[in-house]
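Novice: Sequence unavailable; structure follows:
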């Protein structure tokens, strides 16, 4: 059967994305055919498009979507046609109307979670889940630094931190984004265009620094993030929206007080079906309880994905963005 999808034949800017017809076959063993109702837009999509994260070409883009199972392949026992499902991670290719997905990546959606909400939150929400529950397990009472606090991941992080009793210091690029982060649970915001991040963090922590920094920005903030940490603090570098962090000597960690550094990925934390289901259940519980509200703040037709990428890269978006097939 034929379906619309986004394909790239070369790495580059938003213009390399083509809206084309593709042939979609029946699901292979271990797969499910999903009719997608909403697709999440994430900065990792930009990394794959530009080639920062390499992939074979020609190829697809997109890491998450939500929809309805139309058929299942041999050996798939936990899903059936008609099931509402969502997925995040795995091989790029979510920018499509119809797609065969490894069944092990799919989670069933609670009735109360819409397709748009699921597509807007699953990758970002699971990211916050492993960052806060596993990478540096937060117990409550900590003061932490979280960059890009008004983005999709950031707004979920602000709410999750508030629910845990954690004081989140969020960095933002404008007054409006600061107000948004505060409204979602940030304890303090730092406008990096007007304030010195390191000096302000030291002021807010009485000179001590924070035990953990969550940094998805990368190149532009990396060393300032290190300077915000207290001795033996943990630097969590989980993204590169400003570009990849340049190589540096390990002594940079030593001279700042024996710091720790990790570069986590969702795939490593959700490497088994059991881990994925437990993480998704935790996320859905936080959403279902009302502690986390996911707002789809921008939508674009799939055919206008280039415009969506330009808005994302220009930092014109806040919260979550969804593409509609």
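Specialist: That came through, no problem. Bear in mind that the values here come from a model prediction, so they are computed numbers and not experimental data.

Novice: Which strand or helix spans the nearest residue to residue 260 once chain neighbours are set aside?
Specialist: Excluding its sequence neighbours, the residue lying closest to residue 260 (C-beta to C-beta, 6 or more residues apart in numbering) is residue 234, at 4.6 Å. Backbone N, C-alpha and C define where each C-beta goes, glycine included. Assessed by DSSP states H and E, residue 234 sits inside strand 229-237.

Novice: quick one: contacts for residue 69?
Specialist: 32, 33, 34, 79, 80, 81, 82, 83, 85, 106 (C-beta atoms under 8 Å, 6 or more residues apart in numbering).

Novice: Could you pick out the buried ones from those?
Specialist: 32, 33, 34, 79, 83, 85, 106 (16 or more other C-beta atoms under 10 Å).

Novice: how about stretch 237-250: buried residues?
Specialist: 237, 238, 239, 240, 241, 245.

Novice: from memory the last one sits against residue 222, does it?
Specialist: Yes. At 4.7 Å, residue 245 and residue 222 qualify as touching, with contact defined as C-beta atoms under 8 Å.

Novice: Which segments of the protein make up each domain?
Specialist: Domain ranges of the chain: 2-122+294-324, 140-263, per automatic domain parsing.

Novice: Columns distance to residue 271 and mean pLDDT on top of these, output as TSV?
Specialist: Shown next, in TSV, are the domains of the chain (distance: least, C-beta to C-beta, whole Å; pLDDT from 0 to 100):
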stretch	distance to residue 271	mean pLDDT
domain 2-122+294-324	10	95
domain 140-263	16	96
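
Novice: Including distance to residue 132, could the ones you listed go into a markdown table?
Specialist: Below are the domains of the chain laid out as a markdown table (distance: least, C-beta to C-beta, whole Å):
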| stretch | distance to residue 132 |
| --- | --- |
| domain 2-122+294-324 | 15 |
| domain 140-263 | 6 |
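
Novice: closest one to residue 270 among those domains?
Specialist: domain 2-122+294-324 (6.9 Å; C-beta to C-beta).

Novice: Quote the end-to-end distance of the closest one.
Specialist: 17 Å (C-alpha to C-alpha, to the nearest Å).

Novice: got it, and stretch 107-114?
Specialist: End-to-end distance of stretch 107-114 (C-alpha to C-alpha): 13 Å.

Novice: For stretch 300-319, could you pull out the residues that count as buried?
Specialist: 300, 302, 305, 306, 308, 309, 311, 312, 313, 317, 318, 319.

Novice: now, which of those lie within strands?
Specialist: Under the assignment DSSP state E, the buried residues of stretch 300-319 contribute residue 300 to strands.

Novice: What strands line up against the strand holding residue 234, and which way round?
Specialist: If you go by DSSP bridges, strand 229-237 pairs up with strand 210-215 (parallel), strand 260-262 (parallel).

Novice: Pick the most deeply packed of these.
Specialist: strand 210-215 (a mean of 26; mean count of other C-beta atoms under 10 Å).

Novice: Tell me which residues are up against that one.
Specialist: With C-beta under 8 Å, 6+ apart, strand 210-215 has contacts from 131, 136, 142-147, 157, 169, 201, 221-222, 225-226, 228-230, 233-239.

Novice: From residue 228, how far out is residue 2?
Specialist: 52 Å (C-beta to C-beta, to the nearest Å).
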